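Trainee: Here you go, sequence then predicted model.
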Amino acid sequence: MSSLKDTVVTYVDEQLRAILAAPGMWGSDESVEMQVLQLLEFRSVTLRPELEKREPRTVLDAYHRFLKEHFKGAPPYPLFVLVEKYNRKAEFIGLLKSFSEQLIREMQPDDIFASHDLVLRLLMRDSVLEPRASSLSSYYEALHKVLRAISRRTGTRGRASHELEEAIDFALSDVIITPANGHPAQIVLPLDQVQSSKVQDVQRGLQNLVAVNEWAASSQEPVESLLDRLSEKEEPERIATLAMRLVPSEEESIQIVEMGGRLVGGSKPVEIRPAHAERMFTVVKQRRRARDFDQVGIIRAVDMDQRSMRIKTEKRSYKCFFREQALLETAREALGEHVRVSGQVYESSGLQGVVEVAKLSP
């Protein structure tokens, strides 16, 4: 946010707090209501000029929805009239404050990706009407682990140096949750980095994640071309294996992830889609030797979009991809059951092996 925008928004927020703290000093209920709405509109046009240009009634429409929710079946009157009509005058300031706080939470700049170091937008599957906290927490936990591994210069497991742990422990701004409303439900997670000597390492890691996803989005580019996109001395199969962990899955009810922000760079966020997982697996297959795999495990999850499943053996979990669609269908029917999985496993140093399934047996 520019310094001018910052100054204006701070001023508006201070004025709103002052009015709502001592409304009697600012005139009648009608006058107080109009001042609050005008300040919110001023705040909106400062932060979201493009949205206000397209939809100049954004704030008023949100206010009308709020009033309809709190006064079921009531005519479209202003709040000061409604509280008088329904004998709820004592709730006037409380309701006005509740609406103001709700709108400010949801009011983000036109380009939120340009306003924070890292931003994740999780677009949920069509079946999800209200996003769940578990979707966000599980995805953020995966991101944290991947950032630790992809940003460190030595070692692959366990905690990294104090400086790196600090660099990936982002400060959390307000999470924006939008239910399905003709568009997919979504969660927007803006994150900002604390000062750390390892900022550049994290930035390099994020840019490698972006690079492999941009490469995976194209079905035409050969694996060799990925080398030109990555930072110097990086192993493409290692980056691809780590990036696979962030591909959205049916387990999390996430359809698409958008990743952007100042650390990521670029004019727009990169999309992470389920189909990217198979492309990333081709990198591992071409650059790592395989060994035979034959183990019994329980099928914990099957993802039809990724053409993959997750099995838990006695000692560890494996992500598995399928050579044939028929095997994928068989896996879906056997979800939750123990099966023998035969095929080949591809392993990168210090990272979880990935299996290509040739056969499933009861």
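Mentor: Arrived safely, thanks for sending.
Trainee: mind checking the SS state of residue 183?
Mentor: Classification of residue 183 by DSSP: H, G, I helix; E, B strand; the rest coil places it in coil.
Trainee: Is residue 75 in a helix, a strand, or coil?
Mentor: coil.
Trainee: how much space between it and residue 61?
Mentor: 17 Å (C-beta to C-beta, to the nearest Å). For the C-beta atoms, the positions are set from N, CA and C on the backbone; glycine is no exception.
Trainee: same thing with residue 141?
Mentor: 37 Å.
Trainee: Counting neighbours, go ahead and name the busier of residue 75 and residue 61.
Mentor: Set residue 75 next to residue 61 and count neighbours by other C-beta atoms under 10 Å: residue 61 wins out with 11 against 8.
Trainee: On the three-state scheme, the more buried one is what?
Mentor: Per three-state DSSP, the local secondary structure of residue 61 is helix.
Trainee: so where's the stretch 101-250 of the chain uncertain?
Mentor: Within the stretch 101-250 of the chain, the segments meeting pLDDT under 70 span 110, 153-159, 181-182.
Trainee: Next: the stretch 251-362 of the chain.
Mentor: In the stretch 251-362 of the chain (pLDDT under 70), the answer is 267, 349-350.
Trainee: For it, just list every one of the helices.
Mentor: 276-287, 325-333 (DSSP state H, counting those that start in this stretch).
Trainee: Could you dump those into a markdown table and include distance to residue 69?
Mentor: Below are those laid out as a markdown table (distance: least, C-beta to C-beta, whole Å):
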| stretch | distance to residue 69 |
| --- | --- |
| helix 276-287 | 39 |
| helix 325-333 | 41 |
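Trainee: and the ones you listed as a markdown table, adding mean neighbour count?
Mentor: Below are the helices of the stretch 251-362 of the chain laid out as a markdown table (neighbours: other C-beta atoms under 10 Å):
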| stretch | mean neighbour count |
| --- | --- |
| helix 276-287 | 21 |
| helix 325-333 | 16 |
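Trainee: Ok, which of those comes nearest residue 57?
Mentor: When the helices of the stretch 251-362 of the chain are compared by C-beta to C-beta, helix 276-287 sits nearest residue 57, at 39.0 Å.
Trainee: Can you name the residues in contact with that closest one?
Mentor: For helix 276-287, the surrounding residues in contact (C-beta atoms under 8 Å, 6 or more residues apart in numbering) are 212-213, 215-217, 219, 223, 226, 235-237, 240-241, 243-244, 247, 303, 306-308, 321, 346, 348, 354, 356.
Trainee: Return a PyMOL selection command for the buried portion of those residues.
Mentor: Selection of buried members from the contacts of helix 276-287 for PyMOL, criterion 16 or more other C-beta atoms under 10 Å:
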select buried, resi 212+213+215+216+223+226+235+236+237+240+241+243+244+247+303+306+307+308+321+346+348+354+356
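Trainee: So which of the contacts of helix 276-287 sit within strands?
Mentor: Among those, DSSP state E puts 303, 308, 321, 346, 354, 356 in strands.
Trainee: so who does the fifth one touch?
Mentor: Which is residue 354. 241, 244, 281, 284, 318, 319, 320, 321, 345, 346, 347.
Trainee: mind running it again at 7 Å?
Mentor: If you count contacts by C-beta atoms under 7 Å, 6 or more residues apart in numbering, residue 354 has them with 241, 281, 284, 319, 346.
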